[in-house]
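A.B. asks: got a sequence here, can you model it:
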Amino acid sequence: MLDKMCRMLSVEDGPVFLDADAKKTKECYREIFDLMQGDAPEAPALIHAAVARLVALVFCARLRSAETVESIPLTLRRPVEWMRLFYFENVRVSSLAAMAGVSSGHFTRLFKSTFGTSPIDWLRRERISQAKRRLVGSQSSIKEIAEQVGYADRFFFSKDFKRHTGLSPSEFRERESSASVR
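C.D. replies: Next up is the predicted model:
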């Protein structure tokens with residue numbers, strides 16, 4: 001189940017916390033999932049403790065990953081942070097370039113040489129990643145999720161989602177919900 005979650009969240013492709021200790025993190029998740037399956041009276045307290053350890057691991061990883069921000073050119077830091085926080089907003093490359101204080105062409109070239117993809121493709125992958133989490137973690141409709149992650153058109157969202165994952169949003173939700181039942 002943990003491996004499925006990692007695949008769903010594209011952890012290998014672009015982890016949110018680059019320096020998280022994978023072994024310790026998996027152990028915490030396993031402990032939490034095992035405790036959730038039981039019905040011991042102390043389970044809720046043990047789950048809270050395990051979640052606290054997980055949060056501490058992630059927090060420490062976030063502090064360490066702040067050092068990896070150093071590898072991102074200074075010019076790109078502000079626009080990248082903005083895209084991470086406001087992935088659901090409509091944005092143009094010209095606005096991102098203005099944040100960086102460079103021309104659109106220069107921004108696009110610098111972004112592509114740093115991340116290996118265009119700013120808009122990077123943003124679309126971020127949106128799809130967020131959509132995956134919402135499809136599994138909520139009962140919101142496909143249309144609502146599309147809007148929540150920045151797609152004005154649910155049909156374009158579905159097409160884009162399928163292009164990135166190989167599944168439609170409803171197929172993805174169904175597959176992941178049936179996988180968690182097993």
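
A.B. asks: show me the domain layout of the chain.
C.D. replies: Segmentation of the chain into domains, based on automatic domain parsing, reads 2-69, 72-182.

A.B. asks: TSV please, covering those domains and showing mean neighbour count and mean pLDDT.
C.D. replies: Bear in mind the C-beta positions are built from the backbone N, C-alpha and C, glycine included. Converted to TSV, these look like this (neighbours: other Cβ atoms under 10 Å; pLDDT from 0 to 100):
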stretch	mean neighbour count	mean pLDDT
domain 2-69	14	72
domain 72-182	16	92
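
A.B. asks: tell me which element the residue nearest to the spatial centre of the chain is part of?
C.D. replies: Nearest to the mean C-alpha position of the chain, by Cα atoms, centre = their mean, lies residue 129 at 4.6 Å. Element membership of residue 129, judged by DSSP states H and E, is helix 119-137.

A.B. asks: the very next helix or strand once past that helix packs against which elements?
C.D. replies: Using DSSP H and E, the helix or strand that directly follows helix 119-137 along the chain is helix 142-148. Helices and strands touching helix 142-148, by 3 or more Cβ pairs under 8 Å, 6 or more residues apart in numbering; DSSP states H and E, are helix 119-137, helix 154-165, helix 169-181.

A.B. asks: including distance to residue 89, could those helices go into TSV?
C.D. replies: As requested, the helices and strands packed on helix 142-148 are exported to TSV (distance: least, Cβ to Cβ, whole Å):
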stretch	distance to residue 89
helix 119-137	9
helix 154-165	15
helix 169-181	21
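
A.B. asks: residue 87: which of those is closest?
C.D. replies: Among the helices and strands packed on helix 142-148, the nearest to residue 87 by Cβ to Cβ is helix 119-137 (4.6 Å).
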